[in-house]
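Undergrad: Sequence and computational prediction follow.
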Amino acid sequence: MPQAIATYTIRVSGFSNTRHEILGDAGRLGVLSIERNKKGVIVAGRYVPEKGEVLSLRRDPGLLRSQFSLWTEGREWLGSSLRWSFVGREIALSTGTKPYRLLPLPGFRAGWRMVAPKTGEMARIATSILRRGSRIEVYRRVDFELVLFAYFLAWQLRIESLWPGREIDLQAENLTTTSRA
């Protein structure tokens with residue numbers, strides 16, 4: 001496992017509409033507020049940083065779960081997510097330049113990992129079922145906005161990550177990707 005280049009700690013407060021205070025090495029970075037509808041389904045999120053631009057996360061219309069998009073306050077699209085299957089636990093993240101995947105951690109523990117097609121694991125999001133906090137470790141250079149988006153998705157599905165995720169073989173995936181091209 002490579003050394004983490006950035007670590008974020010998240011403190012969660014609230015019950016239905018939760019607030020996630022994100023802390024970095026230099027202190028508080030901002031607050032992510034998650035909004036639910038009357039049925040309890042997460043429909044939106046809003047990240048207000050200490051400095052910088054406000055981000056908006058919203059559910060895209062459709063039947064599939066984890067179908068969200070990430071926008072800046074200035075209406076610039078930064079990414080979207082899609083879970084292709086009702087039973088599969090892989091979430092595809094699209095940023096326009098690189099595709100990423102969100103997969104459960106291997107072993108019996110709650111959490112997710114963000115994986116790039118060629119370089120492997122970019123970040124690890126360790127959530128807890130019983131505690132109200134999380135930890136994010138970033139291993140390779142990736143935009144904070146994308147890590148925040150991955151955390152937003154991982155928070156909703158933290159219970160589903162308990163069952164072990166599959167191991168990934170980057171060499172085999174790169175061979176199938178290049179043979180398709």
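TA: Now that the structure is in, tell me what you want to look at.
Undergrad: Tell me where the model's unsure across this protein.
TA: Within the chain, the segments meeting pLDDT under 70 span 1, 62-65, 84-89, 129, 158-181.
Undergrad: what about 50?
TA: 170-181 (pLDDT under 50).
Undergrad: the helices in it, which residues?
TA: For the chain, applying DSSP state H gives helices covering 144-156, 170-180.
Undergrad: Check which residues of the first one are buried.
TA: Of all the residues in helix 144-156, those buried under the rule 16 or more other C-beta atoms under 10 Å are 144-155. Glycine gets a C-beta too; all of them are placed from N, C-alpha and C.
Undergrad: between those, which is closest to T72?
TA: Closest approach to T72 among the buried residues of helix 144-156 (C-beta to C-beta): E145, at 8.3 Å.
Undergrad: unless I'm mixing things up, the closest one is touching L78, no?
TA: Yes - using C-beta atoms under 8 Å, E145 is in contact with L78, at 5.4 Å.
Undergrad: Now the common contact residues for those two.
TA: Common contact partners of E145 and L78 (C-beta atoms under 8 Å, 6 or more residues apart in numbering): 55, 70.
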